[in-house]
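[1] show me the folded form of this:
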Amino acid sequence: MKVRSISHIIAGVVVLMLLSCSRDHLYYEAVSRNQVQLNIDWSQTAFSQDSRNFDSRNPLNGVTIFAFDSATHRLATELPPDTNWQSPLLRLSPGTYDLIVINDSRAELPTINFDTSRPFEDFSASVDVDTVYSEYPDYLTVSSVRNVSFSLYNIDYFYDRPDEYLHDLVTQEISTVQHSVTKKINLRVLVKGINYCRGMQPSFMTGLSKSVNLATETPESQNVVFAFNLINREYRNSEFTKALLTQSFNCFSFNENNLKQGTKFELTLKFVLVDNSIYTVNADVTPQFEKWLEQHTIDCNLDLDIDVDLEVTLPPTEPTTPDAEGMVPETIPWNDITQNIIL
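    Next up is the predicted model:
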């Protein structure tokens, strides 16, 4: 055998020996699940401190998210309330979803019914089915996000051992803006001859919407009658013959099409006079809603109140008994304080 052939054989054996001694690095297998982060803008709601309706007594506590299957349009799951109201993280089963985001939890919105049996495009919030409703909707804000996809989990391999076998990754961030779907109605009734009034019976307002579509953020066609007490008063002259009676409450605004088709907005006020008779005032305030509609759109971005103003003159009335007094100014009694001063 030639020397060259022997040297080649020896070299090949050495290479095989070196290769047989090498070992690949041990890699670590882990499962990663994709998450979606919602970045929620609250600046156009009363939860923003810059809003004129901001109320520190009604803080924003979190968000509730309803996930509808994009294929069937039916509710797939209602996620538990998330206290991270600025950027909640979502992880759902693989699929594509349409999301409805509302403020707070359903337990914190006891006067609002959510019909989760409806498909996404008809998902609604409403007040009670009673004809006359005396509990008004809580403050409700809504936003919707469509076609959010969640994929199967991925198997990842790490050179160094990971801290956890399961880990979540934010694979997409989606921005959404909350809008208020309730309007605050501010009633202001200037009463002349308030000295002839002994008290008030419950008042009523018709024409307001009973429910709102949460997917489109627009009021629906059903109307409801709201009852309220017009008891807040501010006297406007020294003789106490004029007073401004006020009250505010939330509603689901009103349906623009109903207004164009002739829906009337009427106030019914019942004054109890000093002779114990009832003086009823029926006022059509539709023009005020029409004027508001000209200045704003129903789906306007800003959270705007609706002011309703009325002026009423009560008829002169004599009390039937000496103790039948009219409304009197609310006064705070003086408390005498005795302080000994040592000189």
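
[2] test my guess that residue 181 contacts residue 143.
    No - in terms of C-beta atoms under 8 Å, residue 181 does not count as a neighbour of residue 143; the distance is 10.1 Å. To be clear about C-beta, it is placed using only N, CA and C from the backbone, and glycine gets the same treatment.

[3] higher neighbour count, the two?
    Neighbours were counted for residue 181 and for residue 143 using other C-beta atoms under 10 Å; residue 181 has more, 26 against 22.

[4] residue contacts, that one?
    Residues counted as contacts of residue 181 (C-beta atoms under 8 Å, 6 or more residues apart in numbering) are 125, 140-142, 212, 214, 217, 219, 252-253.

[5] can you tell me how far it is from residue 119?
    From residue 181 over to residue 119 the distance is 18 Å, taken as C-beta to C-beta, to the nearest Å.

[6] re earlier: can I get the contacts of residue 181 in JSON lines with pLDDT, distance to residue 236 and secondary structure?
    Shown next, in JSON lines, are the contacts of residue 181 (pLDDT from 0 to 100; distance: C-beta to C-beta, whole Å; DSSP: H, G, I helix; E, B strand; the rest coil):
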{"residue": "125", "pLDDT": "95", "distance to residue 236": "39", "secondary structure": "strand"}
{"residue": "140", "pLDDT": "96", "distance to residue 236": "35", "secondary structure": "coil"}
{"residue": "141", "pLDDT": "96", "distance to residue 236": "36", "secondary structure": "strand"}
{"residue": "142", "pLDDT": "96", "distance to residue 236": "39", "secondary structure": "strand"}
{"residue": "212", "pLDDT": "94", "distance to residue 236": "36", "secondary structure": "strand"}
{"residue": "214", "pLDDT": "96", "distance to residue 236": "42", "secondary structure": "coil"}
{"residue": "217", "pLDDT": "91", "distance to residue 236": "39", "secondary structure": "coil"}
{"residue": "219", "pLDDT": "90", "distance to residue 236": "35", "secondary structure": "strand"}
{"residue": "252", "pLDDT": "89", "distance to residue 236": "33", "secondary structure": "coil"}
{"residue": "253", "pLDDT": "80", "distance to residue 236": "30", "secondary structure": "coil"}
